[in-house]
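K.L.:
Here's a sequence, model it:
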Amino acid sequence: MELLQLKYYVTIAETLSFTKSADLLHVSQPALSYQMRRLEEELGTRLFDRARRKIALTPDGEIFLPLAQSVLFRADEAVRVLRERLGMEAGEVRMGCNPSLATYLVPSLLASFRQNFPRVRVVLFEGGDQDLQQAVMEGTIDFAVVTAPGSPQTLDVTPLGAEDLLLALPPTHRFADRQSLSLAELAYEEYVFPTNAFNVTDQFCDACRRAGFEPKVSYRTGSLESVKNFIRQGLGVSILPRMAVDGSGGAGMVLIDVAGGLTRDLNLIRGKDRSTTGAARALIHHVQTNLGAEAGDPPGKNQGETV
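P.N.:
Reported below is the predicted structural model:
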C-alpha cells in the first residue's frame, strides 16, 4: 500500500467523483482508476460502488476513510518536519526527457510535484536517448527518462513501464476499418515523421526493416502535433505513442494496433555512484511513482515487440 494511493482514495471519497479528483490531483482518470484497482486488490475488498456514472463508498470504504485520513495527516506532518530539517523544500533539479513526454505527460507530473515542493525549480532538458544519456553521465542533468538506455556500466536504470505504439491513419484510408495491421501490410505507405529527437521513429524503421521493407518518408515536420495534422489531411500515415493520442488527441484520425503488439519501454536513468540532492530524490520518487500508470502500463508489463 502506498501513500499516493491513500491520497487518491481520500480525494475520491471526499468528492465522490473521479473526474473532479483527477483535476484536483493533476493526474489522468485512467491513472487514478488504475491506482484504485491496485488498492482494492491489496485490501481484498471494494471501496467504491460504481453504478453508471455515480459512485458511493461501500461499507468497507466508510470504515477505511477516517483511517486513511489519519495516516495521511501523520505522513504529511512527518514530511514537513524532515523537509525543514533537510532543506528539501528549495533547490534546483535538472530533468531530461524526450519531446513526446515533455509535451504529453511531464506537465501534469510537474504540476502535482509543485504542489508538495513549490520552492523546487525544475529545469527540463529535451533530447534523444543518446544525448540524454551523455548528459546524465557528464552530470549536466540529474536524471532522465529514456526509451532504450545504453552504457549500463555507468548508469543506474529503473524500468518505469511500457507504452503502446499505434498506427495513425487518415479516416479515408483503405485500412481504416481494420482492427490491426501487420508491418508487412504497410510496406507501400507514405509516412509522416517528426524531424526532432523522437526515438520511436528510428526504432519503428528498424522494426519495418526486420519485416522486409524500408519505410518511404514523404514528409518530415517539426512536432507530433504537426504530424497528426498531416495525417488528418490525408498526406500519409505514422506511428504514434499512445500518450499522444489519448482522449481528444486522436480526433480526426483512425488509430490501429500493430499485429502482435508494438511497445516502447520507459526507463529512468541516473549516474552510478553519483550523489543527488534531496530535491532531486523527491522528484525522482515522484516520477517513479506516477509515470508508469500515466503512460498506460504498470511497471514491468511488456506486450508484443518492444521498440
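
K.L.:
Break this protein down into its domains, please.
P.N.:
Following automatic domain parsing, the chain resolves into domains at 3-86, 90-161+264-306, 163-262.

K.L.:
and Ser180, bridged to which residues?
P.N.:
Beta-bridge partners for Ser180, by DSSP bridges, are Asp257.

K.L.:
That one reaches Ile256, doesn't it?
P.N.:
Yes. Between Ser180 and Ile256 there is a contact under CB atoms under 8 Å: 6.2 Å. Using the backbone N, CA and C atoms, a C-beta is placed for each residue, glycine as well.

K.L.:
Looking at these two, which one has more neighbours?
P.N.:
Using other CB atoms under 10 Å as the criterion, Ser180 and Ile256 rank with Ile256 on top: 20 against 13.

K.L.:
Burial check on the nearest residue to the more buried one once chain neighbours are set aside, number of neighbours?
P.N.:
In space, and not counting its chain neighbours, Ile256 is closest to Leu167: 4.5 Å by CB to CB, 6 or more residues apart in numbering. When neighbours are defined as other CB under 10 Å, Leu167 has 25 of them.

K.L.:
Who are the contact partners of Leu167?
P.N.:
Leu167 is in contact with Leu181, Leu186, Val237, Ser238, Ile239, Leu255, Ile256, Asp257, Val258, counting by CB atoms under 8 Å, 6 or more residues apart in numbering.

K.L.:
and if we set it to 7 Å?
P.N.:
Contact analysis of Leu167 by CB atoms under 7 Å, 6 or more residues apart in numbering lists Leu181, Val237, Ile239, Ile256, Val258.

K.L.:
partners of it in the sheet?
P.N.:
Note on Leu167: beta-bridge partners Ile239, Ile256, judged by DSSP bridges.

K.L.:
got it, and Glu163?
P.N.:
Using DSSP bridges, the beta-bridge partners of Glu163 come out as Arg264.

K.L.:
Centroid-wise, who is the farthest residue in this structure?
P.N.:
Pro59 (33.7 Å; CA atoms, centre = their mean).

K.L.:
Go through stretch 64-84 and flag the buried ones.
P.N.:
Residues of stretch 64-84 classed as buried by neighbour count (16 or more other CB atoms under 10 Å): Phe64, Leu65, Ala68, Leu72, Arg83.

K.L.:
got a list of contacts for that stretch?
P.N.:
Contacts of stretch 64-84 (CB under 7 Å, 6+ apart): Leu3, Leu6, Lys7, Tyr9, Val10, Ala13, Leu47, Leu57, Glu89.

K.L.:
Sort out which of these are buried, if you could.
P.N.:
Those of the contacts of stretch 64-84 that meet the buried threshold are Leu6, Lys7, Tyr9, Val10, Ala13, Leu47, Leu57, Glu89, by 16+ other CB under 10 Å.
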